[in-house]
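what's the 3D shape of this:
(chains A and B)
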Amino acid sequence: MKLFGYEFRKLIGIRYFVILLVLLMIASGILCYFRVKDEGVGKFGANAADEVNAFLKEYADKPEELKEQVQFLSMKAGEKATLRYEAYRKEMLDKGMDEESIPWYFDALKKHPDWAYTYNYSETVPDTVLAEIGPKVLENKEKYNSGMASILRQAKSNAQRLEEDEGMDMGDYLYYYQAQVYLRYAKVLENASVGDRYVSGWTQFFEYRYGDFFLFGALILLCCMVFVPEKQCGMLPILRTARKGRIQVACAKVSLLLLSSAVLALVFAAIHFFVIFCACGYSSFSDSVQNIPSLLLFPKAWTMGQYLAYSVLLKVLAAVAFSAAAGFLSALTYSPVLSYLGGAAIFGGSFGMSFMDVGQHPFYHCLNFYSMENVAPIAERLHMVQIFNSGMEYILFAPLLCLGCTVLFALPTVALVSGVRMSGRTKAAERQSVFKRLKKSLLTFENSLRTKMAKKSKEKRKIYRVGLVRWENRKQFLWNVPVLLLTAILFGVQIFVSFRAADNGTPSLEYRVYTHFLLSEARGPYSQQAEKYDNLINIYTKGDEGRQILSEDYRDGRIDRETYERYTEYLRTIRNNLGTYDFRTAREHYDLLKSMNESGLDPWFIDYLSWSRLLTGKISYPLFACILVVAILTFTVEYTGKSKAENFANILRCTKLGRKKTFLAKCLSILCICFVLALLFWGVEYIFMLRSGNFPDIDAPLCSLPVFSQASGGITIRQYLIFSLAARVLSAMLTGLFVTAVSALTRNIFSGLTVSVAVTMIPTLLYMAGMNGAGYISFGSWFGVNEMIQFSMKNDLFGWDFGVYALYTGIFAAVTVLLLAAARKKFIK
Amino acid sequence: MTLVFDEVSKSYGKTKALTGFSAALDPGIYALLGPNGSGKSTLMNILTDNLKADSGHILYDGEDVLKMGVRFREKLGFMPQYPGMYGNFSAEKFLWYMATLKGMKKEEAQKQIPEILNAVELSDVASHRISSFSGGMKQRLALAQAVLGDPKVLILDEPTAGLDPKQRIAIRNYISRIAFDKIVLIATHVVSDVEYIAKEVIMLKKGVIVDRAPTPQLLCKIEGQVWSLPAKEEEVAEYQRTFAVTNILKGENGISLRILSEKKPAENATLAAPTLEDYYLHVFGEQTGV
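Residues are numbered from 1 along each chain as shown, chains lettered A, B, ... in the order given. Take a look at the predicted model:
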C-alpha cells in the first residue's frame, strides 16, 4: 500500500501532467455545454419538460389532430417571424444599411430563433419547439413499433426456415440466435413504454461522443506518465536493485494505472452528466431506454437508470482495458514518443474499426475500445458472440472482454517492469527491455556493415560540406532513422487516406440529371446559358406544355432539327425512367446562380462535383503529425541528456557558430523540411483526386461551385486552386516554425509535444463538435485551408472573402514570430 | 596570450559557489582541484558562458570575454564532464559537424579530423554510430571535439573519467603535447593525472582559492609530514581515530599505513615522499573524512 502511495505521489508530482488533465476536463465540459445547450427544453425553464409531456399526452393517440395542431402552431410562428423580420429590415434600412447587405429571412432567423416564438399552447415552451418535438416523438414511436414488429417477424421467419429447411434446433447456434432475438424483443415490446413521454437530457448524455477524444487523450498521457519518467530521470537501475524494486513496484505501478484510468473515466462521465443536467435537465430515471432515437432497438427492457449504471460501468472497464494495452507499450519502450504513438495507434485502430460495417463485422464494429467507451454501438441491436452452440450477447460480453483484455496486458506489463524473463532465468543488475536488445542487435549489425564499407573506401574519405542548414537537415531528418521511418509510415497513411477519399462513388440522382439533361446543353456563364437552362427545365417539367414549347422553338428556328430530336429523346427518357421527377434541385441550382448574378457575379453552369471534392479537402492529419514530430526535435534534440550538464547544448553554445547561426540554421532547416513534406503529402492528395474525376472549366468563377457560392470576388477556380495549394504549403511551414519555437522554449520533447497538440487540436475539436465561434480559432480548418476559407466567405470579415483566413494567418504568424523571438533570446543568451 | 579572472563570484541563493576568484593564466596546463561543490564546474560554466557570473570579469588578452562573444568562442574548446552527443551520428560525421560549428575551413577539417581520431584511438570505429560507443569511447570523442580547430583555450572537465590506465596515460600525454601554446584548464579528481603535467595546481575550497602553486612547491609544504608505518590489524582502528590515515595497504608482511601528521606517529614510522594526493588530503582532509 505504501508503494502505491509513493507511485501516486510521483504521478501527481508531475505538474504539467496534472495541469493538462485539468485543462482536458475543462475543455471537455465546455465543449459538451456548447454542444447541448441548444438542444432539449431545459433553457425554457424547470417545468418545460412537463409542459411538453402535457402536450404529448393530449395528442398521444390522435396523430392526425397533432398534425393539424403542428401546422397551426407553425403557421402562427411563421407569421410572427415574418413580422419581426420586416421590422428588422426596416430598422436596418433606417440605419442606412445597404439593402443587399441585410441578411436574408432564413439567415436572420437562424441568428434570432426567438422571432418565431409564440405561446399559444404553453406559457413556457414556444410553439415551434412543440411543433418540432411532437412529430419527432410520435415518429419515434412509429419507428419503434414497426422496427420491433419487423424484427420479430424476421426472427420468427428465420427460425422457422432454419427448423424446416435445415433441421436446426436450439442446439444449433444460428437457430439459438434467432430464438433469442425473438424472445428478447418480445419481452421488450411487452415491458418498454415508448413514445408517450418527452425524454430530456438522456438522449444528449448517451449519444454524446466528443468527450471520448478528451478521455482517451488523458489516458494516453497517463500511460506515459506512470512508466516513462522513471527511465528518463535515471531511477530505473536504482529501483531495480532495491529489495522491493521489482515485482512490488511493478504491481504498484500497474494498480495505479488501472485505478487512475477508472477514476478518469468516472470523472469525465460525471462532468458530462453534470453539464447536461445544467443545460437540459434530465427526465425520469424510470423512462424506457428505447425512447432514445439511437437506442430504439435496444434489446433489453431497461430504464434510463439501469442503462446509466451499465454504461458507466462499461465506460470504466473500457478505459481500464485501453490503459492496460497502452501501458504495456509504454512499459515495453520507456520512450515518450513511442508511448504517445502507441497509445494513439491503439486509439486510431479502435476508431477506425468503429467505422466498419456493422452488418458484416459486428464484432470489430462494436467491440473495440472506442465503441465500448461509447457504449451505444453495443446497445443499438442485439449482437451475440457464439460460444460453442450457444451465444453471449455483446452487452454481457463487452465487460468480460474488457476484464480479459486488462488481465492480458496487465500481467505482461508487471513482468516487463519487474524485469522477469519468461524463461525464469534471472540476471543481476539492470535488465534490458526487449526493445533495447533489438536496438542493440541492429546497431551491431549496422556497425559491422559500416566497417566493411569504410575499409573498402579507405582511400576516399568522405568530405562533408560545411553548411549549417544542411547539418540541421541531417540531424533532424535525413540521418534520423526513427523519424524517417515514421515519415514513411505517415506518408503511407496519407496515400491510403487520399485513395479512399478519391473514391468517386455514384453521384446522386439529382446530380446525374443535372449533368446529363441540363449541363450537356447549357454549360457556361449564367449570362449566356440561363435562358436555355430555364427553358430546358420548363420543357422537362411542364408536361404537354413543355412539349409545346419544344415544338414552338423548333418551328421558330430557335433550335435545329438535331437539337429538337435530342431534346425529344431526353423528354422521352425522363418520362419513362424518372416518372414524376420534379427537377427541384436543378431549379434550386438555377435560383442560386440567378441570385448571384443579381449581385453582380456571373457564375457558370459547370460540372462541379469533382472540383468541389478537390477544393474542400480538410486537414491532413498524417502531414500534421509528421511536422509535429520533426519540428519538436529541432531544439529538444540538444537537450536530451539525463541532466542539464549532459546536454549537447553545453558544447554547442561554446562554438563559434553554435548560437545565433545555429538558431537561424534550425529555423531555415525546418522551413525546408516542411516545404518538402507539404508538397509530398498534399501532392498525393491532389494526384489521386485529379486522376479520379472530371475537372472541366478551370477558368470558371469559383462561385460556380455551390460550396463556394458565397464567394463574392471574381476569383476563378484556377486561381483558387493555386492559392489553396500555396496556402497549404505556407500553413505547413508556419506550423513547423511554431512547433520549433515551442521546442526551443520547452526544451523537452514530452512537454513540447503536449503543448503543441493542445494549442492546435483543442480549438479544432471544439469546432468539429459544432461550436461555431470556434471556427475563428480552428487550427485544423486553417491548416487544411479550404474549410477556413469557406467559413471566411460565410462570415465576410472586413467585407472580404478571405478576411477570417487572413486574420487567423496574421495572428498565427505574429504569435509564431513572438515565440521565436523569445526562443532565440533564450537560446543565445 | 593571457586569461585573467578578476574577482569572479557566483551564488546560488544563499550558497556561494565562487567567491572572488582571481587568477592570471598564461599558456600551460592548470589543474583545478577541489572536492564536490567547490566551484570547479561553476567556474568552467562561467568561462564558457553557460552561466552568468554575479560579479567580476574574465579577460582574454585584456578584453572582456563577454564582450568578445563569438571572437572568444572561436578560441575555445570545451569538454564537459558528461558530454551529450548525437547517437545517430558516426564519430567522423560528428567531428565534421563540430568543424562546421567551429567555423573551420573544409581543408583544415579534412586535415585535422583523421589526425585527432588517430590521437584518441577512434580511427577504427570512426564510421560507427556514437550510440554504440562505450563510455570511455564517448569520453575520447568528447575530447576530440574539444581539441578540434586548435583552440587557444581548452577547458576539460574530468577528461580521463571512465578511461582505463593505458588510455589515461595516452590522453595525458596527448594533452601535454598539444598544450604548449594553449591555456588548458583541467578539472579532475584523478590527482595523478595532473600531478606530472600541470604547470600549476589551483586548489578550490567552497569557491575560494586556498592554494595555487606548481606541484613541487605544494609538495614542499608537507615535506616531513607523510609517514609510512607498519601496524597490526587491531591497531589500525586506533591509528585511524588519532591520525589522518591516507592509505591502508595489506601485504604479505602485514599492514602498512600511510599517515599524514606533523609529528611522528610512532617510533617505527618512517618518512615517505609526499604526493599531490597527500597534499590534497592535507588541504581537504576534514571534508573527505580522513
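
Quick check: closest non-adjacent residue to residue A:193.
Residue nearest to residue A:193 in three dimensions, not counting chain neighbours: residue A:288, with 5.1 Å by C-beta to C-beta, 6 or more residues apart in numbering or on different chains. For glycine as for every other residue, the C-beta is placed from the backbone atoms N, C-alpha and C.

correct me, but the one you found touches residue A:301?
Yes - shown here, residue A:288 and residue A:301 form a contact pair, counting by C-beta atoms under 8 Å, at 7.0 Å.

which residues are common contacts for these two?
Taking C-beta atoms under 8 Å, 6 or more residues apart in numbering or on different chains as the contact definition, residue A:288 and residue A:301 share the neighbouring residues A:191, A:192.

List the residues that contact the residue most central in space within chain B.
The residue lying closest to the centre of chain B (C-alpha atoms, centre = their mean) is residue B:187, at 2.5 Å. When the contact criterion is C-beta under 8 Å, 6+ apart, the partners of residue B:187 are B:31, B:32, B:33, B:40, B:41, B:44, B:81, B:156, B:157, B:158.

any idea whether residue B:268 is helix, strand or coil?
Counting by DSSP: H, G, I helix; E, B strand; the rest coil, the backbone at residue B:268 sits in coil.

for it, what are its contacts?
In this structure, residue B:268 makes contact with B:229, B:230, judged by C-beta under 8 Å, 6+ apart.

can you check residue A:535 too?
Contacts were defined as C-beta under 8 Å, 6+ apart; by that measure residue A:535 touches A:549, A:553.

Per-residue pLDDT of it, please?
Per-residue confidence at residue A:535 stands at 85 (pLDDT).

rewinding a little: among the contacts of residue B:187, which ones are in helices?
Applying DSSP state H to these, the entries found in helices are B:40, B:41, B:44.

Neighbour-wise, which one of those residues leads?
Within these, residue B:40 tops the neighbour count with 26 neighbours, counted by other C-beta atoms under 10 Å in any protein chain shown.

can you pull up the bridge partners for the nearest residue to that one once chain neighbours are set aside?
Counting by C-beta to C-beta, 6+ apart, residue B:187 is the residue found nearest to residue B:40 once chain neighbours are left out, at 4.2 Å. The residues paired with residue B:187 through beta bridges, assigned by DSSP bridges, are residue B:32, residue B:157.

which of residue A:288 and residue A:301 has more neighbours?
Between residue A:288 and residue A:301, counting by other C-beta under 10 Å, residue A:288 is the more crowded of the two (24 against 18).

Next, give phi and psi for that one.
Backbone geometry at residue A:288, expressed as degrees, to the nearest 10, gives phi -70, psi 140.

Tell me where the chain has strands.
Went with chain A since none was named. For chain A, the strands defined by DSSP state E occupy A:384-387, A:390-393, A:524-525, A:604-605.

looking at chain B here, not the other one
Under the criterion DSSP E, chain B carries strands at the ranges B:3-12, B:15-25, B:28-33, B:55-60, B:63-64, B:76-79, B:153-157, B:183-187, B:200-205, B:208-213, B:226-231, B:244-251, B:254-260, B:270-271.

now those in JSON lines, with distance to residue A:517 and mean pLDDT?
Converted to JSON lines, the strands of chain B look like this (distance: least, C-beta to C-beta, whole Å; pLDDT from 0 to 100):
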{"stretch": "strand B:3-12", "distance to residue A:517": "84", "mean pLDDT": "91"}
{"stretch": "strand B:15-25", "distance to residue A:517": "87", "mean pLDDT": "89"}
{"stretch": "strand B:28-33", "distance to residue A:517": "92", "mean pLDDT": "92"}
{"stretch": "strand B:55-60", "distance to residue A:517": "87", "mean pLDDT": "92"}
{"stretch": "strand B:63-64", "distance to residue A:517": "86", "mean pLDDT": "92"}
{"stretch": "strand B:76-79", "distance to residue A:517": "80", "mean pLDDT": "90"}
{"stretch": "strand B:153-157", "distance to residue A:517": "84", "mean pLDDT": "92"}
{"stretch": "strand B:183-187", "distance to residue A:517": "89", "mean pLDDT": "93"}
{"stretch": "strand B:200-205", "distance to residue A:517": "94", "mean pLDDT": "90"}
{"stretch": "strand B:208-213", "distance to residue A:517": "98", "mean pLDDT": "89"}
{"stretch": "strand B:226-231", "distance to residue A:517": "112", "mean pLDDT": "89"}
{"stretch": "strand B:244-251", "distance to residue A:517": "106", "mean pLDDT": "86"}
{"stretch": "strand B:254-260", "distance to residue A:517": "109", "mean pLDDT": "88"}
{"stretch": "strand B:270-271", "distance to residue A:517": "118", "mean pLDDT": "90"}
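
right, and those - which one's nearest residue A:500?
Smallest distance to residue A:500 across the strands of chain B (C-beta to C-beta): 53.7 Å, for strand B:76-79.

Can you tell me which of the strands of chain A is most buried?
Across the strands of chain A, the average number of neighbours (mean count of other C-beta atoms under 10 Å in any protein chain shown) peaks for strand A:604-605, which reaches a mean of 25.

Count the neighbours of the nearest residue to residue A:776 once chain neighbours are set aside for me.
Beyond its immediate neighbours in the sequence, the residue positioned closest to residue A:776 (C-beta to C-beta, 6+ apart) is residue A:804, lying 6.2 Å away. Residue A:804 is surrounded by 24 other residues when neighbours are defined as other C-beta under 10 Å.

Give me the pLDDT for the nearest residue to residue A:624 once chain neighbours are set aside.
Closest residue to residue A:624 apart from its sequence neighbours, by C-beta to C-beta, 6+ apart: residue A:783 at 6.2 Å. As predicted, residue A:783 sits at a pLDDT of 95.

how far away is residue A:783 from residue A:620?
Counting by C-beta to C-beta, to the nearest Å, the gap from residue A:783 to residue A:620 is 8 Å.

What's the local residue count around residue B:103?
The local packing of residue B:103 (other C-beta under 10 Å) involves 18 other residues.

tally of neighbours for the nearest residue to it once chain neighbours are set aside?
On the basis of C-beta to C-beta, 6+ apart, the spatially nearest residue to residue B:103 that is not a chain neighbour turns out to be residue A:656, at 4.2 Å. Taking other C-beta under 10 Å as the criterion, the count of residues near residue A:656 is 20.

likewise residue A:822?
A count of neighbours around residue A:822, defined by other C-beta under 10 Å, yields 13.

Isn't residue A:510 up against residue A:585?
Yes - taking contact to mean C-beta under 8 Å, the distance of 3.8 Å between residue A:510 and residue A:585 places them in contact.
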